[in-house]
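Colleague: The following block contains a protein sequence and its predicted model.
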Amino acid sequence: MVAAGEKSGHLDQVLERLADYTEQRQATKSQLTQAMIYPLMLTLFAIGIVSFLLASVVPQIVGQFLDSGKALPGTTQTLLTMSDFIINYGVFVLMAILFALVVLQRMLLKPAFRLKFDRSVLNLPLVGRVILGMNTARFARTLSILTSSAVPILDGMMIAGEVLSNAHIKKGVKDASDSVREGASLKSALEQTKIFPPMMMHMIGSGEKSGELEQMLSRAADNQDNEMDSILKISLSLLTPLIVLLMAGMVMFILIAILQPIMGMNDLIGV
């Protein structure tokens, strides 16, 4: 973007708009990080507590019922199976997960695999929508800055495509740039990719007809940012009670599995 600003002779405008855009992105990132701290810590705490119960507490308590030779309820047997799995294979599962993450990171360095991976990520229910919205908003915002600074639309598309984090969307923007080079309008070229949302396409088409493309691109980016903020806030507000509910359900299952054989022994004693 700096190189395009130097080439067009509007470096001061590009730097000023780029500074505002960077500050906005940093503020959004900071808000998202702060919002994710509590759910992340809660998740780690829940996993640690349940793992400790299964690996340490459950074998000592339920093991006493095994020595009695009585048949255990189905819930207690399931709990023992989970406990044995954690004790015997927990470390290996953790190592396998870490190994898979390292292999995935290495594979993502290959362009062909990265393209397939990023395409599949966009199909995920919630994560894909967030990634798509963030990338399309980034593209519209960057292209708006460049067009308002007298950078040619084709150069602006190439530059805006390079700031995207998703390889599939980046490829779509490159294909759209080729279509624009061949004489297609920006709206029709982006529609062919089947990536960008209809509202953004409508606003871009209106901007091209009215001669206010940079303003409409900026509004489209604002619209995408607002939508992503709403989705993230709703998702995070639902995530915390969901984690608490899952943790409470797991602890309740452990208590029931432990209490059932105790109640069974009390019934026998009463008889």
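Modeller: Nice, I can see it. On a predicted model such as this, the values are computed, not experimentally measured, just so you know.

Colleague: going forward, measure contacts and count neighbours with C-alpha atoms only.
Modeller: Will do.

Colleague: what phi and what psi does the backbone show at residue 204?
Modeller: As for residue 204, its main-chain torsions (degrees, to the nearest 10) stand at phi -70, psi -40.

Colleague: which residues does it contact?
Modeller: Neighbouring residues of residue 204 by C-alpha atoms under 8 Å, 6 or more residues apart in numbering: 186-187, 213, 216-217, 220.

Colleague: Check residue 141 too.
Modeller: Counting by C-alpha under 8 Å, 6+ apart, residue 141 makes contact with 217-218, 221.

Colleague: what separates it from residue 117, distance-wise?
Modeller: Distance, residue 141 to residue 117, by C-alpha to C-alpha, to the nearest Å: 25 Å.

Colleague: Also residue 129?
Modeller: For residue 129, the distance to residue 117 - C-alpha to C-alpha - is 15 Å.

Colleague: ditto for residue 45
Modeller: Distance of residue 45 to residue 117, computed by C-alpha to C-alpha: 30 Å.

Colleague: repeat for residue 147
Modeller: Applying C-alpha to C-alpha, the value for residue 147 to residue 117 is 32 Å.

Colleague: Of the two, which one has the most company?
Modeller: Shown here are residue 147 and residue 117; by other C-alpha atoms under 10 Å, residue 147 has more neighbours (20 against 17).

Colleague: where does the stretch 1-150 of the chain have low pLDDT?
Modeller: For the stretch 1-150 of the chain, the stretches with pLDDT under 70 are 8, 63-70.

Colleague: What ranges does it have for its strands?
Modeller: Using DSSP state E, counting those that start in this stretch, no strands are found in the stretch 1-150 of the chain.

Colleague: any chance you could map the helices in it?
Modeller: For the stretch 1-150 of the chain, the helices defined by DSSP state H, counting those that start in this stretch occupy 2-8, 11-52, 58-68, 74-107, 111-121, 127-148.

Colleague: I'd like these as JSON lines, with distance to residue 208 appended.
Modeller: Shown next, in JSON lines, are the helices of the stretch 1-150 of the chain (distance: least, C-alpha to C-alpha, whole Å):
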{"stretch": "helix 2-8", "distance to residue 208": "21"}
{"stretch": "helix 11-52", "distance to residue 208": "21"}
{"stretch": "helix 58-68", "distance to residue 208": "67"}
{"stretch": "helix 74-107", "distance to residue 208": "41"}
{"stretch": "helix 111-121", "distance to residue 208": "29"}
{"stretch": "helix 127-148", "distance to residue 208": "12"}
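
Colleague: Would you point to the one among these that's packed deepest?
Modeller: Most buried of those, by mean neighbour count (mean count of other C-alpha atoms under 10 Å): helix 127-148, with a mean of 22.
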